[in-house]
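Student: what follows is a predicted protein model with its sequence.
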Amino acid sequence: MKTKVITTRRALITGMASAGGLLLAGCSQSMPPTYGNLLRAGDLLTYGARRLLLPEHILAKEYARSDITSIPAVGTTDPGDPSSSRFHKTLGPVYQQLREGGFAQWRLSIEGLVARPASYSLEDLQRLPARSQITKHTCEEGWSAIAEWTGVPLRLLLESAGISDQARFVYSYCFDGRHDSIDMLDALHPQTIVAYGINGRPLPIWHGAPVRLRVETQLGYKSRKYLQRIVVSDRYGPESTPVERGYAWYAGI
Ligand SMILES: Nc1nc2c(c(=O)[nH]1)N[C@H]1C(S)=C(S)[C@@H](COP(=O)(O)O)O[C@H]1N2
Ligand SMILES: [Mo]
């Protein structure tokens, strides 16, 4: 009996996946890179539906200042704390040093498939045209919070570096080793920013200092804190993404 249920469920999932596949036939841009992994069948449905049915750069709702709520800090709250289980053995000590120097030595590099690799200090980023947005952060664990985020559109950094035609993904490497990636559509989305401010103040350590990503089109865990490097690539990656920890790669909302 048990086997039958599993078989039916599996058939259903496979069926859904192939119906999705049919729907998206010839439209490889609508396939999430995790396609083919049964456990990730949900990625296909949300990713495919979003990429097919919604206009390319639909904006996430923005709120008024009076809607701002308190926001907890979760996941890594200090990548420079050697007593934390999240302390990364090579990146942790680097972060610790950068933090002690007030992040004056910190640089964000833009690398990979770009014509002009670049490296920005916090001050460099703060001199570029900024965008502020009051948005709702929705965590997969069931809470949400509204805050104002200020930073540089990732698009601006990518375009000034000159993205190659082959570029498909943008990787974010973080000081706690929790790396991730988004596709070009989300990377170039006007609300995807490299944020250095929250509610008009510099980003505190627990919210991702000195800068974090804000990816307003997806669940909170895609808004990676403690950015170190941004790498443009033609293939899915990098190592140590949420997929390896059991989360969906695409978490559209
Ligand atoms: N580098 C890194 N980024 C991260 C996390 C993390 O542990 N490490 N946690 C994620 C999760 S699950 C959420 S909900 C948000 C939390 O951001 P906050 O702590 O500023 O509220 O950050 C996301 N980005
Ligand atoms: Mo989260």
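Tutor: Received it, and whenever you're ready, just let me know what you need. Ligands and ions are numbered 1, 2, ... in the order given.
Student: near ligand 1, which residues of the stretch 151-253 of the chain are found?
Tutor: Within the stretch 151-253 of the chain, the positions adjacent to ligand 1 are 174, 176, 178, 207, 208, 220, 221, 223, 224, 225, 226 by Cβ under 6 Å from any ligand atom. Placement of C-beta: from N, CA and C, glycine included.
Student: those residues in strands, which ones?
Tutor: Judged by DSSP state E, these include residue 174 as members of strands.
Student: residue contacts, residue 242?
Tutor: 178, 180, 221, 222, 248, 249 (Cβ atoms under 8 Å, 6 or more residues apart in numbering).
Student: packing partners of the helix or strand hosting residue 197?
Tutor: Residue 197 belongs to strand 193-198 when assigned by DSSP states H and E. With contacts defined as 3 or more Cβ pairs under 8 Å, 6 or more residues apart in numbering; DSSP states H and E, strand 193-198 has these neighbours: helix 122-127, strand 131-138, strand 144-153, helix 154-161, strand 212-214.
Student: pLDDT on it, on average?
Tutor: Averaging pLDDT along strand 193-198 yields 98.
Student: again, but for stretch 208-218
Tutor: The average pLDDT for stretch 208-218 rounds to 97.
Student: leaving out sequence neighbours, find the closest residue to residue 58.
Tutor: Residue nearest to residue 58 in three dimensions, not counting chain neighbours: residue 217, with 7.9 Å by Cβ to Cβ, 6 or more residues apart in numbering.
Student: verify the stated contact: the one you found with residue 60.
Tutor: Yes. At 6.0 Å, residue 217 counts as touching residue 60 under the criterion of Cβ atoms under 8 Å.
Student: and these two? Which one has more around it.
Tutor: Shown here are residue 217 and residue 60; by other Cβ atoms under 10 Å, residue 217 has more neighbours (21 against 18).
Student: what's the more buried one in contact with, if anything?
Tutor: Residues near residue 217 by Cβ under 8 Å, 6+ apart: 58, 60, 186, 189, 191, 192, 252, 253.
Student: ok so, going back, for residue 85, which of the helices and strands packed on strand 193-198 is the nearest?
Tutor: Closest approach to residue 85 among these is made by strand 212-214 (20.6 Å; Cβ to Cβ).
Student: just the angle between the following helix or strand past that closest one and strand 193-198, please?
Tutor: Sequence-wise, the next helix or strand downstream of strand 212-214 (DSSP H and E) is strand 227-233. Counting by axes from the mean of the first three to the mean of the last three Cα atoms, to 10 degrees, strand 227-233 lies at 170 degrees to strand 193-198.
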